[in-house]
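> need the 3D shape of this:
(one chain, ligands or ions: 1)
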Amino acid sequence: MTITLDWLGCATFRLSVDGLVIWLDTFVDRPESAPSVGLTSEEITEADFALIGHSHWDHLAGADVVALRTGATVIGSHESARVLRERGVPDEQIWTAQGGEHFQLSEHVSVRVYPSLHSCIWSRAARPGTVVTGDYGVFEQERESRLAGRRARRNADADDSGREARQRAASSNSTGGALDYLIDTPEGTVLFQDSMGYWSGIYGGIRADVAVLAAAGRGSVDGEPFQGSVEQFVVRECELLRPRQVVLSHHDNFGGAPDVPDVTDLAPVHEELARILPRVEVLAMGLGEGVTLLACTTAQRGGAAGTRSASRASAPSRAPPRMLASSGQRRCTTMSTATTTSTPATTSKA
Ligand SMILES: [Zn+2]
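Numbers count the residues shown, from 1 in each chain. Take a look at the predicted model:
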């Protein structure tokens, strides 16, 4: 069985499990000023399911188009469902979730849904390599007030293509309640998280063979802003989830902000993972590139799928690099955590 994962920017991925095509978020219709991912939602022809992490524009956009054009079933929060129904997606193609659900996707593939948390977009954030502290214990009323101010400034600063991309797409100002998805395949489990937040009690009980983790903004742990850096946050998650392989996301200039590199430098994250958890393999992808996941035999897996296991998986085999078919894409590299990148740094949020 072959499992592949392609990164389409932000936290959007195409996961293929032996022919079953599962979109993880559906945001590909980006502003003209953002780096292209080589695909629009109208060009997506293959989709069996779309799992939506939360209802913001840069995650839910495109889900209506994909559902209506391909017949795919969308799984998401009640808020995501509301937006999609308003845009004409039939009820039978929307499976609502709030955490606790276990859906069968095919004969051999299923997905468990967990309640999650959005990153602290109301608080101060910084690029990887910078420790950020403070803002602990801020009440929700103050958080909402700060967020409203930021949204107003963002809309005022956005160029026409950015404003238009947001206005025409499926989206909500509400997260709808962030969700994580643990996809169970015959080769292992894949955790999909699309914003930098988690409940420690939940992650402490999940075992993910592959963890797809957001690496941008100010993390949330149990509803409070993480006191530390992006790399310290990701290491903490991996200590709980104990993945063999990690894929990092949300670190590109998806909003098309001026004077911002296409992809944020995640070298501090790679270095911290290599230092603290050297057996974790980071699968690095450029925009529009893909990798093969869990390229090992089932016998090499450690523990039952989706549950905490006392045994640690054997050292991961290196997943072969893979490229998508379309032109203009850089070569995909599968790098160990000891490898660093040289992409210029920036801050990417939400
Ligand atoms: Zn968001």
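
> what about whichever residue of the stretch 51-200 of the chain sits closest to the ion, neighbour count?
Nearest residue of the stretch 51-200 of the chain to the ion (C-beta to the ion) works out as residue 56 at 3.4 Å. For the C-beta atoms, the positions are set from N, CA and C on the backbone; glycine is no exception. Using other C-beta atoms under 10 Å, residue 56 has 26 other residues around it.

> show me what contacts it?
Shown in contact with residue 56 (C-beta atoms under 8 Å, 6 or more residues apart in numbering): 171, 172, 173, 175, 350.

> okay, and the spatially closest residue to the third one that is not a sequence neighbour sits in which element?
The reference is to residue 173. Of all residues beyond its chain neighbours, the one nearest residue 173 is residue 151 (7.2 Å), with distances taken as C-beta to C-beta, 6 or more residues apart in numbering. Here residue 151, judged by DSSP states H and E, is contained in helix 140-157.

> average pLDDT across that helix?
For helix 140-157, mean pLDDT is 89.

> give me the contact list for it.
For helix 140-157, the external contacting residues (C-beta under 8 Å, 6+ apart) are 120, 121, 122, 123, 163, 173.

> at 6 Å instead, please
With contact meaning C-beta atoms under 6 Å, 6 or more residues apart in numbering, helix 140-157 is reached by residue 122.

> is that helix anywhere near the ion?
No - judged by C-beta under 5 Å from the ion, helix 140-157 stays clear of the ion, getting no closer than 10.8 Å.

> give me the pLDDT for residue 314.
In this model, residue 314 carries a pLDDT of 34.

> cool, residue 166 as well?
Note on residue 166: pLDDT of 81.

> SS state for it?
Here residue 166 is helix, with the state taken from DSSP: H, G, I helix; E, B strand; the rest coil.

> contact residues of the stretch 1-150 of the chain facing the ion?
By C-beta under 5 Å from the ion, the residues of the stretch 1-150 of the chain that approach the ion are residue 56.

> can you do 6 Å?
Contact residues (C-beta under 6 Å from the ion) of the stretch 1-150 of the chain with the ion: 54, 56, 118.

> got those as TSV, with distance to residue 287, secondary structure and pLDDT columns?
Shown next, in TSV, are these (distance: C-beta to C-beta, whole Å; DSSP: H, G, I helix; E, B strand; the rest coil; pLDDT from 0 to 100):
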residue	distance to residue 287	secondary structure	pLDDT
54	21	coil	98
56	20	coil	96
118	23	coil	98
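
> closest to residue 252 out of those?
Set against residue 252, the nearest of these by C-beta to C-beta is residue 56 (15.6 Å).

> buried residues in the helix holding residue 151?
Neighbour-count burial for helix 140-157 flags 143, 146, 154 (criterion: 16 or more other C-beta atoms under 10 Å).

> just confirm residue 276 contacts residue 236, I think it does.
No - in this structure, residue 276 is not within contact of residue 236 by C-beta atoms under 6 Å, at 9.4 Å.

> picking that back up, among the contacts of residue 56, find the lowest-pLDDT one for me.
In terms of pLDDT, residue 350 ranks lowest among the contacts of residue 56, with 44.

> low-confidence ranges in the chain?
Within the chain, the stretches with pLDDT under 70 are 296-350.

> now the helices: where do they sit in it?
Ranges of helices in the chain, per DSSP state H, are 57-60, 63-70, 78-86, 140-157, 160-168, 200-203, 230-241, 267-276.

> deepest-packed of these, please.
Highest mean neighbour count of the helices of the chain: helix 57-60, a mean of 26 (counted as mean count of other C-beta atoms under 10 Å).

> what's in contact with it?
By C-beta under 6 Å, 6+ apart, the surrounding residues in contact with helix 57-60 are 10, 25, 27, 52, 53, 80, 166, 169, 170, 171, 194, 254.

> 7 Å - rerun?
For helix 57-60, contacts defined as C-beta atoms under 7 Å, 6 or more residues apart in numbering pick out 10-11, 25, 27, 52-53, 80, 83, 166, 169-171, 194, 254, 350.

> tell me the residues of the stretch 151-300 of the chain that contact the ion?
175, 195.

> can you show me the strands along the stretch 151-300 of the chain?
For the stretch 151-300 of the chain, the strands defined by DSSP state E, counting those that start in this stretch occupy 179-185, 188-192, 197-198, 210-214, 220-221, 224-225, 245-249, 281-282, 290-293.

> distance from the second one to the middle of the chain?
Relative to the centre of its chain, strand 188-192 is centred 12 Å away, using C-alpha atoms, centre = their mean, to the nearest Å.

> name the helices or strands packed onto it?
Contact here means 3 or more C-beta pairs under 7 Å, 6 or more residues apart in numbering; DSSP states H and E; on that basis strand 188-192 packs against strand 179-185, strand 210-214.

> got the contact list for that strand?
Among residues not part of strand 188-192, those counted as contacts by C-beta under 7 Å, 6+ apart are 15, 24, 51, 53, 180-183, 206-212, 241, 293-294, 301, 305-306.
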